[in-house]
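[1] here is a sequence with its predicted model. Questions after.
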Amino acid sequence: MTKPKVAFFDFACCEGCQLQIANLEEAVIDLLGVVDLVSFREVMKEHSDDYDIAFIEGCIQRPMDAEALKKIRENASIIVAYGACAVDGSVHTLRNEFTKEDVLNEVYGDADVEGNPYWDIYDKAKPIDEVVKVDVYIPGCPIDRDEFARIVSDVLQGKAPKLPNYAICVECKKNENICLFELGEFCLGPITRAGCNSACPNVKSGCEGCRGFLDDPRTSAHKEVLEKYGVSVDEMMAAFSIFQYGKEGS
Amino acid sequence: MQVMSKSDWLSFVDRLIREDPSEIVGVKSKGPKFVFDELDSAEELRLDYDVTILPPKKYFLPVYEDMMKYDLTSAFSVDKMVDIPPRIVIGVHPYDLVAMEQMDKVYLGDTTDELYKARREKTLIIASDILNVSEDSFAGSMGTNVSGSGYDLLVTDLGDSVAVDVGSEKGGSLLSSYANAGAADDSVEARVAGLREGVASGYSKSVDVDKADWPGLLTNNHEHSVWEEKSDKCLECGSCTLVCPTCYCFDVNDTAALNLESGVRTRTWDGCMMRDFSLVGGGEVFREGIKERYQHRIYRKGMYIPERYGFTACVGCGRCVSACLPDIADPSDVMNKLVTSSMGVPKPLPIPEAAPAAEGLAMVPRPATIVRTETMTEKEKLFEIKLDDGMPLGHGPGQFVEISIFGVGEAPISVSSAPGGDTFEIVVRKVGDVTGKLHGMDAGDKIGIRGPLGTGFDAEALKGKNLLFIAGGLGVVPMRSLFNHVLRNRADYGEVTILYGCKDPSELLFGSEVKDWEGRDDLVHKFTVDACPEGEEWEHNVGVVGTLIPQVQFDPNDTTAIVVGPPIMYRFVIRDLKEAGIPDENIIVSLERRMECGIGKCGHCQINGVYVCKEGPVFNYADMKDLPEAF
Ligand SMILES: Cc1cc2nc3c(=O)[nH]c(=O)nc-3n(C[C@H](O)[C@H](O)[C@H](O)COP(=O)(O)OP(=O)(O)OC[C@H]3O[C@@H](n4cnc5c(N)ncnc54)[C@H](O)[C@@H]3O)c2cc1C
Ligand code: SF4
Ligand code: SF4
Ligand code: FES
């Protein structure tokens, strides 16, 4: 079997997800045994445009990024969007409420950016699948390393990777955590897609929904629970707006 | 009964921790709650706990359990994971003992679950009387606040001393090896009895319906408003099933290591409150509505399990009450709401008879080799398979096998060949991971086989009868195992008619066999397609398979109809057959559901209280027609 050629790319993001991968340690070495890594900025200098599987991190802010992404789509037979920014825009979409002029003004003030393609941004930040077709999604901010390994092994074996379609609560119960609501905290776990092994609740921190909602979240039932536990509308909105800004149901 | 001083009890536990080779786990505090966890010293043990977050089931069916490891670099190499280290669990409450005894009946009965059995045999239970009642528990009114069995030792912490009841030989020898206990006199026994009475009267929560009456109450109140009121608020979070000591469904997954050289097949807790529990490859979710799922959980506890095993699958521990954020999971509250409405005469759930399970089944597949393949259509491929141990499969018509491809997973697939012979045939439609991988395989490749599984057609009982076979699409695959058996033993049966329909001419399966039928005068056959695309040749009927029924002659009172096809097909065909006057008990159907274990443990295939993998997939329509989830 010839090894599939794999390339990693990043757009607007913190590159934290790439670090998660680099931190897989032995598993990375295993991975390098079965794929041919042709491009990965975080760990190597070389670059090639001949690849089968492209891993994309970050979201699309500028037309020039969209063009680069379309090129990648032409080269790759499988596109994997990994990390919340690539999957659904994540925190970048917080700016979508403002005009691009206000955004540029706020960030760069009087600097002359007019006509410079590096500062030519879209009106709204776009997740990867608003620009090209995505074959595989790996959500999370940052991604969960074990889930990444599982999904990559599925892709390499020709399996269709599946994301859990049940709530974080499931993993929380499996980890025998005390429910954060019982500790007086607020949590988006009941409507958020599992797969991170309830990472935040494990350390007594409420889920902020970085993995996105379930396919069919029970939002109205969740709202009733929030009311029952006396979570104020402000708290609720603040929590929802981090990763769920502008999403249906929030 | 024996007794020891409190300090002797503590030294006993400490000696176990230090000297016994077993892992010693017991109840410890976790924040304001309690959990079973490994003990470092007797000091940590909290016999005064009310209830633990998770029940001790986690030691017998671990949250994640590796079922087998395999080597992907060789053709078929699997390592069963039965090397289980010994363990002693201290502090199990009576309601959890009752739940464990129930789980034993399910996991050790019929087909034994080997991993569960190994864990159970390697575990000693030191139970503890309840000292503090959980405010969510209603064990008092379920009669599960005390238990006279299910433990190796039962301890009662009396403050200054600890009374011990020996429940097994192993428990007795543990006591004599490590403890300084003496015979208890009447006064100790009286104090234990007094403590238990105090606990029994300490429950603030109770269920007002005797558990023997739960099935009757549930039978009569399927349409009660309580179901909608409660389930409307449900988060589908699954917590109620996960924390429950009497819920033990699981999901099975294959994961290959990133080097693609090895992998594990793992099972993990699953639950019927989650939508995808009944999802199958084509996207169909058999228990789609949240109300139906909510009902299933309660009906299973109060009716399906009681009718099947004779016990109520709720022990009143109250864990689901604590775990449910919208406060709707409490079975006692459901029962207390229903009791104000009418109580019906329980209408027993049909539990069709299951074929006796073959020996040595369980979860580890046997190696087998593909000896021949034949591409039938674009999507369907036939595989002839031989077990590597040289044994015939020994299946009956209508039974199925679980096909295992390590690293990918398992899929239930019907045996398509008639019984007998050293090899058997399956026909597989490519729809997903396992079926897709299988399609890439050829003669000489190795796969795993579990089975034969399930209850198929009763070929004996059909002898002498007039048979009307009706197959839709892929339904012809399992039907062929019976049909070819009948043709081979043609003299044993009456008139034989076969009606076979598929989407379009390109999907017709077993083309050459179908041609052979034309030369026979001892059977009537008719074909149909839903539609014939322009340019394709088709000399038979066009229309759904039901349109063939009026075209053939049969005596409705003296004909058995055998219907196999997708749900949409059998729903309509059954209606047409009833209209044609065939009595319900003369209609035989094969039903499809999500399957994982194939041996009646994982829970995925249930139609109400019936396990399709055990009592089915072939059923008599009359047995199943009243089950709300069947058709
Ligand atoms: C008793 C029985 C007999 C069957 N006989 C045949 C047959 O002869 N030929 C044939 O082509 N197909 C048959 N099927 C359907 C076949 O089992 C599914 O198409 C197959 O499981 C899909 O697996 P996959 O991994 O390719 O698909 P995926 O979509 O990747 O499946 C994921 C998982 O879902 C479950 N699953 C998905 N679809 C089904 C399903 N329809 N039924 C049960 N579990 C499912 C399996 O556990 C599987 O591991 C039968 C199903 C049952 C229940
Ligand atoms: S249904 Fe609830 S109360 Fe009954 S055994 Fe399960 S968790 Fe305990
Ligand atoms: S715990 Fe409550 S909300 Fe969660 S699935 Fe069960 S009934 Fe629904
Ligand atoms: S119970 Fe597991 S498939 Fe039937």
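    Sure thing, it's come through. No experiment lies behind these values; they were computed from the predicted model shown. Ligands and ions are numbered 1, 2, ... in the order given.
[2] which residue is nearest the middle of chain A?
    A:Ala84 (1.4 Å; Cα atoms, centre = their mean).
[3] care to break the chain down by domain?
    In the absence of a named chain, this looks at chain A. With domains defined by automatic domain parsing, chain A comprises A:5-156, A:168-244.
[4] you answered for a different chain; I wanted chain B.
    Taken from automatic domain parsing, chain B resolves into B:2-200, B:211-338, B:366-453, B:466-590.
[5] closest to ligand 4 out of the domains of chain A?
    domain A:168-244 (19.0 Å; Cβ to the nearest ligand atom). C-beta: built from backbone N, CA, C; applies to glycine.
[6] and the residue nearest to the centre of chain A, what does it touch?
    A:Ser90, A:Val91, A:Pro139, A:Gly140, A:Cys141, A:Cys210, A:Arg211, A:Gly212, A:Phe243 (Cβ atoms under 8 Å, 6 or more residues apart in numbering or on different chains).
[7] so is the helix or strand hosting A:Cys172 next to chain B?
    Per DSSP states H and E, A:Cys172 falls inside helix A:168-174. Yes: counting by Cβ under 8 Å from any Cβ of the partner chain, chain B is contacted by helix A:168-174 at A:Cys169, A:Val170, A:Lys173, A:Lys174.
[8] tell me how far that helix lies from the chain's centre.
    Centroid displacement of helix A:168-174 relative to its chain, using Cα atoms, centre = their mean, to the nearest Å, is 21 Å.
[9] picking up where we left off before, let me have the domains of chain A in CSV, extended by distance to ligand 2 and mean pLDDT.
    Converted to CSV, those look like this (distance: least, Cβ to the nearest ligand atom, whole Å; pLDDT from 0 to 100):
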stretch, distance to ligand 2, mean pLDDT
domain A:5-156, 29, 84
domain A:168-244, 11, 88
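[10] and those as TSV, adding distance to B:Arg308?
    As requested, those are exported to TSV (distance: least, Cβ to Cβ, whole Å):
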stretch	distance to B:Arg308
domain A:5-156	36
domain A:168-244	26
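[11] and B:Ala561, which of the ones you listed is closest to it?
    domain A:168-244 (38.1 Å; Cβ to Cβ).
[12] how about the closest one and ligand 3, touching?
    No: Domain A:168-244 stays clear of ligand 3 (Cβ under 6 Å from any ligand atom), getting no nearer than 6.9 Å.
[13] where does the residue lying closest to A:Val136 once chain neighbours are set aside sit: helix, strand or coil?
    Closest residue to A:Val136 apart from its sequence neighbours, by Cβ to Cβ, 6 or more residues apart in numbering or on different chains: A:Val80 at 4.3 Å. Under the three-state scheme (DSSP: H, G, I helix; E, B strand; the rest coil), A:Val80 adopts strand.
[14] quick check: A:Val80 touching A:Ile56?
    Yes: A:Val80 is within contact range of A:Ile56, at 6.9 Å (criterion: Cβ atoms under 8 Å).
[15] quickly list what's touching both of those two.
    With Cβ under 8 Å, 6+ apart, A:Val80 and A:Ile56 have common neighbours A:Val134.
[16] ok, these two, which is more surrounded?
    A:Ile56 (28 against 24; other Cβ atoms under 10 Å in any protein chain shown).
[17] mind listing what that one touches?
    A:Phe9, A:Asp10, A:Phe11, A:Leu69, A:Ile72, A:Ile79, A:Val80, A:Ala81, A:Tyr82, A:Ala86, A:Ile128, A:Val134.
[18] so how far is A:Lys70 from it?
    The gap separating A:Ile56 from A:Lys70 is 12 Å, by Cβ to Cβ, to the nearest Å.
[19] return the distance of the longest strand along chain B from the chain's centre.
    If you go by DSSP state E, chain B has its longest strand at strand B:366-375. Computed by Cα atoms, centre = their mean, the chain-centroid distance of strand B:366-375 equals 28 Å.
[20] what packs against that strand?
    strand B:380-387, strand B:446-453 (3 or more Cβ pairs under 8 Å, 6 or more residues apart in numbering or on different chains; DSSP states H and E).
[21] give the rounded mean pLDDT of the last one.
    Per-residue pLDDT over strand B:446-453 has a mean of 94.
[22] that one: what's the following helix or strand?
    Next in line after strand B:446-453, if elements are assigned by DSSP H and E, sits strand B:466-472.
[23] for that following strand, which strands pair with it and how are they oriented?
    In the sheet, strand B:466-472 lines up against strand B:496-502 (parallel), strand B:559-564 (parallel) (DSSP bridges).
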